[in-house]
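In: What would the 3D arrangement of this be:
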Amino acid sequence: MARYGVRSGFAITKNLIMLVLGMSCGKTRYGAPWRVMSSHQTGAMATKLNSGDNRSRSFVYIFIIASLCGFFYLFGRWQRSGFGKGDLLVMDITKTSNTNCNSIPNLNFETHHSGITDNDSTSQTLDFPACDANFTDYTPCQDQKRAMKFPRNDMIYRERHCPPQEEKLKCLVPAPQGYVTPFSWPKSRDYVPYANAPYKALTVEKAIQNWIQYEGNVFRFPGGGTQFPQGADAYIDQLASVIPIDNGTVRTALDTGCGVASFGAYLWKRNVIAMSFAPRDNHEAQVQFALERGVPAVIGVLGSIKMPYPSKAFDMAHCSRCLIPWGSNDGKYMMEVDRVLRPGGYWVLSGPPINWKNNYKSWQRTLEDLEEEQLKIESIAKLLCWEKISEKGEMAIWQKKSNTESCRPTENTPGIQFCSNDPDDVWYKKMETCVSAGSGGDYVAFPERLYDAVPPRVVSGSIPGVSVEKYMEDGKKWKKHVNGYKRMNGMIDSGRYRNVMDMNAGLGGFAAAIHSSKLWVMNVVPNIAETNTLGVIYERGLIGIYHDWCEAFSTYPRTYDLIHANGLFNLYNDRCDFEDILLEMDRILRPEGAVIIRDEVDVIMKVKNIATSLRWDTKLADHEDGPLVPEKILIAVKRYWAVDNQNNTTT
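Out: This is a model prediction of the structure:
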């Protein structure tokens with residue numbers, strides 16, 4: 001069927017007509033003779049048939065031929081629906097492939113390595129060599145040496161500074177010697193193998209604060225923090241006495257200056273997902289530890305550039321002694337939090353300057369300094385239409401009013417400036433000292449907002465080209481796609497993959513269809529995407545970030561277990577080199593992690609040629625609707641390999 005299905009209805013109709021004509025002429029299409037009557041036989045027959053019979057039979061023949069022609073014409077049009085420039089490649093793959101694209105028989109998604117490398121094994125010769133061993137934790141856009149060239153004011157030197165094209169590494173970032181697959185969740189919340197992030201500085205620097213402890217060949221995370229010495233659970237219980245954390249009202253949280261992200265780790269069991277960030281600074285490997293634990297986190301800082309998140313995204317924002325100068329710079333950091341905090345959302349400030357009268361000595365600051373800082377914070381909060389609803393001990397909680405228009409000063413008020421730019425246009429845009437205007441739609445509780453409720457941005461028609469009907473169709477489509485993925489890789493919902501990334505997330509359909517308590521998805525919306533959909537993703541109760549895939553992602557190597565890319569390479573075709581995107585995917589993918597790439601067949605073939613040089617085992621699979629659809633799926637598994645102390649490749 002696959003072989004002949006690519007023939008159009010036009011061709012079949014033509015063959016049928018030729019066959020009928022051949023019968024009348026005494027030959028088939030292929031020249032095989034039919035029995036030809038003699039003139040005597042013909043004359044005899046003519047005397048037996050009257051002219052009425054001839055007309056009747058002619059009418060029947062014409063009717064049959066016309067009906068068949070119409071049928072095959074419609075059949076051909078149906079077959080060709082959806083076909084494009086990939087037709088010839090689809091036909092070529094269908095005819096010449098020696099494997100069944102509907103199965104993935106030779107890929108093994110299980111974990112095989114416990115970190116013991118076989119020094120006697122040999123490696124395949126690659127086009128891309130292994131990077132030097134000192135690049136095992138390389139973060140291209142947060143490189144320490146490059147950072148020191150930039151100004152220190154407003155934390156500019158801690159922001160993203162990516163290498164130019166000529167300085168990009170064209171090698172594979174190795175895993176450290178002894179690297180092992182992390183523990184499965186929830187054990188990973190509390191334990192991380194020492195070999196995966198062999199840095200002990202925090203165990204000394206934060207010893208009395210109960211952040212992290214070194215025990216033999218693992219790190220243990222007791223769940224403590226600078227502001228929650230009794231543990232994160234007790235701290236969250238205190239929050240939950242004021243904020244509706246446990247009923248689904250609060251689903252998405254932003255943790256600024258997250259440390260090792262214990263706050264986000266313990267929010268998970270309450271069905272709250274936190275986007276945590278911290279700079280790559282002298283607190284070594286904070287974000288790396290968070291991701292090794294299986295907690296969402298990125299390298300980031302509140303500096304001079306807007307945060308890469310949409311407006312009205314988070315239900316709660318949190319700072320636990322995060323050392324951000326909230327009262328300085330005319331309150332621009334609080335204004336930036338206000339931009340990403342949805343109406344009705346909560347802001348939690350724990351630590352200085354809250355309760356400064358009782359703590360100024362331990363904080364080693366003057367009474368006057370702390371009092372001034374708190375007064376500034378209180379003044380800015382009032383300007384932003386935040387109402388303080390609780391202050392207890394060193395924790396204060398504000399709630400952003402649902403209808404901010406009724407309580408904010410007008411533009412005529414001295415010192416007030418309302419933001420004029422699109423609040424979702426943030427990629428590399430300077431942070432502004434202005435107040436974001438507008439109110440948000442109604443949010444239902446999670447998990448209803450994930451599937452059943454249509455996001456407010458879609459209902460209001462503020463997303464060009466995305467109607468309620470298209471949104472619902474997108475959800476159905478991704479349920480079908482994910483079911484297909486699970487047939488190819490039965491370990492997707494087994495707990496094997498914890499940290500998942502969708503590189504071109506659209507409306508978040510993939511993340512919604514794959515949703516599980518065993519995993520989380522970092523939904524990435526490229527800054528060049530035709531439609532900005534990241535706000536919709538947050539309204540569904542998912543998390544994500546803006547990014548440009550011509551640059552490196554703000555994370556450490558080996559921090560994702562499964563990477564999904566739908567239409568990504570078609571989007572970036574002629575914008576940047578495919579090999580740079582694939583090298584970045586390899587950098588952030590764990591050894592023995594999996595990749596699913598869905599794209600047009602001609603693009604997929606280009607990607608596959610490069611992927612074979614990345615120590616990836618690859619297989620092509622057909623679209624769920626069959627081999628005639630030009631969209632194909634590339635499934636890959638990154639092979640385990642590491643670099644020993646002599647920089648020799650071991651597998």
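
In: only C-alpha atoms for contact and neighbour calcs from this point on.
Out: Will do.

In: who touches Val272 in this structure?
Out: 245, 248, 250-253 (CA atoms under 8 Å, 6 or more residues apart in numbering).

In: what about the helices in the stretch 551-651 of the chain?
Out: Secondary structure of the stretch 551-651 of the chain (DSSP state H, counting those that start in this stretch): helices at 568-571, 578-588, 601-611.

In: Surely Gln399 and Trp347 touch.
Out: Yes. With contacts counted by CA atoms under 8 Å, Gln399 reaches Trp347, the gap being 6.3 Å.

In: Compare these two (neighbour count), which wins?
Out: More neighbours surround Trp347 than the other of Gln399 and Trp347, with 26 against 22 (other CA atoms under 10 Å).

In: that older thread, just name the most buried of the helices of the stretch 551-651 of the chain.
Out: Mean neighbour count (mean count of other CA atoms under 10 Å) peaks for helix 578-588 among these, with a mean of 21.

In: what's the longest strand anywhere in the chain packed up against?
Out: Ranked by residue count and defined by DSSP state E, the top strand of the chain is strand 589-600. The helices and strands touching strand 589-600, judged by 3 or more CA pairs under 8 Å, 6 or more residues apart in numbering; DSSP states H and E, are strand 560-566, helix 568-571, strand 631-638.

In: ok, 10 Å please
Out: strand 499-502, strand 560-566, helix 568-571, helix 578-588, helix 601-611, strand 616-622, strand 631-638 (3 or more CA pairs under 10 Å, 6 or more residues apart in numbering; DSSP states H and E).

In: tell me the phi and psi of Gln230?
Out: phi -80, psi 0 (degrees, to the nearest 10).

In: Now do it: how many residues are near it, please.
Out: For Gln230, using other CA under 10 Å, the count is 15.

In: likewise Pro164?
Out: 8.

In: surely it meets Ala552?
Out: No. Using CA atoms under 10 Å, Pro164 is not in contact with Ala552, being 11.1 Å away.

In: so how far is stretch 433-451 off the chain centroid?
Out: Put simply, stretch 433-451 sits 21 Å off its chain's centre (CA atoms, centre = their mean, to the nearest Å).

In: Then stretch 451-469?
Out: Using CA atoms, centre = their mean, the offset of stretch 451-469 from its chain centre is 20 Å.

In: rewinding a little: closest one to Ile324 among the helices of the stretch 551-651 of the chain?
Out: helix 578-588 (28.3 Å; CA to CA).

In: So which elements touch the closest one?
Out: strand 560-566, helix 568-571, strand 589-600, helix 601-611.

In: Now render these as CSV, adding distance to Tyr194 and mean pLDDT.
Out: CSV is the format used below for the helices and strands packed on helix 578-588 (distance: least, CA to CA, whole Å; pLDDT from 0 to 100):
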stretch, distance to Tyr194, mean pLDDT
strand 560-566, 18, 98
helix 568-571, 35, 98
strand 589-600, 16, 98
helix 601-611, 30, 96
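
In: Turn those into a markdown table, columns for distance to Ala130.
Out: Formatted as a markdown table, these follow (distance: least, CA to CA, whole Å):
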| stretch | distance to Ala130 |
| --- | --- |
| strand 560-566 | 20 |
| helix 568-571 | 24 |
| strand 589-600 | 14 |
| helix 601-611 | 15 |
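
In: Nearest to Val435 among these would be which one?
Out: Per CA to CA, nearest to Val435 of these: helix 568-571, 34.0 Å.

In: before we move on, back to that, how much does the longest strand of the chain deviate in direction from helix 578-588?
Out: Put simply, strand 589-600 runs at 140 degrees to helix 578-588, going by axes from the mean of the first three to the mean of the last three CA atoms, to 10 degrees.

In: Distance from strand 589-600 to the middle of the chain?
Out: 12 Å.

In: Can you show me the CA trace of that strand as PDB?
Out: The C-alpha trace of strand 589-600 is given here as PDB (Å, rounded to 0.1, in the frame of the first residue of the first chain):
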ATOM      1  CA  LEU A 589      21.300  16.400  27.700                       C
ATOM      2  CA  ARG A 590      22.300  13.700  30.200                       C
ATOM      3  CA  PRO A 591      24.300  10.700  29.100                       C
ATOM      4  CA  GLU A 592      21.700   8.100  28.100                       C
ATOM      5  CA  GLY A 593      19.100  10.800  27.800                       C
ATOM      6  CA  ALA A 594      16.600  10.800  25.000                       C
ATOM      7  CA  VAL A 595      15.700  13.200  22.200                       C
ATOM      8  CA  ILE A 596      12.500  13.500  20.200                       C
ATOM      9  CA  ILE A 597      12.700  15.700  17.100                       C
ATOM     10  CA  ARG A 598       9.600  16.200  14.900                       C
ATOM     11  CA  ASP A 599       9.900  18.100  11.700                       C
ATOM     12  CA  GLU A 600       9.600  18.100   7.900                       C
END
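
In: Partner strands of that strand, with direction?
Out: Neighbouring strands of strand 589-600 in its sheet, by DSSP bridges, are strand 560-566 (parallel), strand 631-638 (antiparallel).

In: between those, which gets nearest to Ala234?
Out: Of all the strands paired with strand 589-600, strand 560-566 comes closest under CA to CA, at 29.8 Å.

In: From the chain's centroid, how far away is the closest one?
Out: That offset, for strand 560-566, works out to 7 Å (CA atoms, centre = their mean).

In: buried set for that strand?
Out: For strand 560-566, burial by neighbour count (16 or more other CA atoms under 10 Å) applies to 560-566.

In: what do you get for stretch 480-499?
Out: Buried-residue list, stretch 480-499, by 16+ other CA under 10 Å: 481-482, 485, 488-489, 492-493, 496-499.
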